[in-house]
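*Asks:* Using only what follows, build the 3D model:
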Amino acid sequence: MMLILFTLAALLLVFAAFCMFGLPYMLMGPRVFDQLAERREQQVMAGLLLAAAISLVLAPFFASGLISDGSRVQVMAETLTGFIGRA
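*Replies:* Residues are numbered from 1 along each chain as shown. Okay, here's the model as predicted:
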């Protein structure tokens, strides 16, 4: 089920990026990106899309640790940090 949700989220993210960048590029050509440096709202939307893409990539690493019991969270933390020793 999680795979389906992550795939749907990735597809929606790609569609949002296409609506923001691809569609105006198809209509107006490369001069759309010339105005990107001047438009603050497009820079914010691009940053939010990038943050959403990064969080979507990192979500599987943190989701399993958040919904598991204490011993499994320790294993997840050791896997992410690379520290394998126990106190």
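*Asks:* Okay, and residue 5 sits in which element?
*Replies:* Counting by DSSP states H and E, the element that carries residue 5 is helix 2-17.
*Asks:* residues of the helix ranked longest in the chain that come out buried?
*Replies:* With secondary structure taken from DSSP state H, the chain has its longest helix at helix 40-66. The neighbour-count criterion (16 or more other CB atoms under 10 Å) identifies 42, 49, 52, 53 as the buried residues of helix 40-66. Where you see a C-beta, it was placed from the backbone N, CA and C, and this is true even at glycine.
*Asks:* From the contact counts, what lies against that helix?
*Replies:* Secondary structure elements in contact with helix 40-66, counted by 3 or more CB pairs under 8 Å, 6 or more residues apart in numbering; DSSP states H and E, are helix 2-17, helix 70-81.
*Asks:* Least confident of the ones you listed, on average?
*Replies:* Per-segment mean pLDDT for the helices and strands packed on helix 40-66 reaches its minimum on helix 70-81, at a mean of 60.
*Asks:* Now do stretch 4-20: everything it contacts.
*Replies:* Contact with stretch 4-20 is made by 42, 45, 46, 49, 52, 53, 56, 59, 60, as judged by CB atoms under 8 Å, 6 or more residues apart in numbering.
*Asks:* Just the buried positions in that stretch, please.
*Replies:* When neighbours are counted by 16+ other CB under 10 Å, the buried residues of stretch 4-20 are found to be residue 17.
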